Structure formats: C-alpha cells, structure tokens
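>>> Got a sequence here, can you build the structure:
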Amino acid sequence: MKVFFRCAATLLFLCFVGGSIKAQSADSLLVVDDIQFDVKEYHVDKTTNELIINLFAISYSKDPREFKMNTFSTQILDQKKQPHFFSSIQMGNVQIRFEDKQNYLHYLLEEDKPVDIQVIVKDWKKTDKPNSIKLVFESSEEEGKFLDVPILLNK
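The predicted structure is shown next:
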C-alpha cells in the first residue's frame, strides 16, 4: 500500500511540476492577435554587409486569415534605437523589395502552420548591433487598425 501512495504522490508531483513548466514557457511567448512570433536567428553577412533576420510566425486562428503587413512601417532598430528600412522582406513565398515601393505584404496564414519571415537590410554598418525589429500589421478584429509588434533580437 505504501508503494501505491509513493507512486501516486510522485505522479501527482510530476504532473504539477510539468504543468507549471509549461505555463512558464507559454508566458514568455510573444503572441499578438493570435499570432506567435519568434526569432530563429540573425547575422551579418560579412561579404555583402547585409543584416539577415530570420523569424517565424504561427497563427492560432481556426480559419485561414489574411496577414497584411505594412512594409514601410516595419523597421529594424539598432542599439542606438536608430531605425533602418529593409532591403527585402520575404514571408513564405511572397517577397517584397524596398525598391518595389509596395506598402503592404499580403499572406494567407493557416492555423498551426509556421511561416518563415526573412528580413534583409543592405549596407549594415559593422559597428551597429541590431536590437529589435518592429513588425506592423493589420488587426484581425478591426480593419484599418495596425498593430506595432517589437520583437527583441537578443533575449
């Protein structure tokens, strides 16, 4: 009987600890408008002096939803909080170059399917360190309302 109570107590303890660990990791996620954003990696290509930022987004909506990013408001901030415009933004198979002068990037997000986002900044100064990227996209609840989402590159 003692063995049964020990096993039950151990199982209860593990369930409690596992649940609290899961809750802590969920609190640290960046979820805005039912979309989770996360940084995969970033680096400066020394041969081309390009800053390359790789992110991903996952929609938690049950239906596919349109993601409408305002490309000219989306900026990269360095350690001095100076904004930099992108050279190109690619989300999935949709690519926008700065010289295309397109205000919006449209993408259809499906539930629980991660989508890669790559942002490239040309002529990145070696002395600058990237601090964050500010993504600006339209709210799913109110048309015309745009959300600013700062994503820290160094966590």
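
>>> residue contacts, the nearest residue to His43 once chain neighbours are set aside?
Among residues not flanking His43 along the chain, Ile52 sits closest, at 5.9 Å (Cβ to Cβ, 6 or more residues apart in numbering). Placement of C-beta: from N, CA and C, glycine included. Counting by Cβ atoms under 8 Å, 6 or more residues apart in numbering, Ile52 touches Tyr42, His43, Val44, Asp45, Gln118, Val119, Ile120.

>>> just the helices in the chain please.
2-27 (DSSP state H).

>>> Which residues does the residue positioned nearest the centre of it form beta bridges with?
The chain has Phe37 as the residue nearest its centroid, 2.6 Å off, counting by Cα atoms, centre = their mean. On the basis of DSSP bridges, Phe37 is bridged to Leu30, Ala57.

>>> unless I'm mixing things up, it is touching Pro150, no?
No: using Cβ atoms under 8 Å, Phe37 is not in contact with Pro150; the gap is 10.0 Å.

>>> Asp45 versus Leu147, what's the distance?
Distance check for Leu147 against Asp45: by Cβ to Cβ, to the nearest Å, it reads 30 Å.

>>> who has more neighbours, those two?
Neighbour count, other Cβ atoms under 10 Å: between Leu147 and Asp45, Leu147 has more, with 16 against 11.

>>> Spatially nearest residue to the more buried one (excluding sequence neighbours)?
Leu147 sits nearest to Ser139 (Cβ to Cβ, 6+ apart), 5.5 Å away.

>>> what's the answer for Lys81, then?
Nearest one to Lys81, counting by Cβ to Cβ, 6+ apart, is Asn131 at 7.3 Å.

>>> Over to Ile151?
Spatial nearest neighbour of Ile151, chain neighbours left out: Ile133 (5.1 Å); criterion: Cβ to Cβ, 6+ apart.

>>> Next, count neighbours for the one you found.
By the measure other Cβ under 10 Å, the count of residues near Ile133 is 25.

>>> residue contacts, it?
Ile53, Leu55, Thr74, Gln75, Ile76, Leu77, Val119, Pro150, Ile151, Leu153.

>>> Of the residues you listed, just say which sits nearest to Gly92.
Taking Cβ to Cβ as the measure, Gly92 lies nearest Leu55 of the contacts of Ile133, at 12.0 Å.

>>> which residues pair with the nearest residue to Gln75 once chain neighbours are set aside across the strands?
Nearest residue to Gln75, sequence neighbours excluded (Cβ to Cβ, 6+ apart): Pro83, at 4.2 Å. Partner residues in beta bridges with Pro83, using DSSP bridges, are Leu77.
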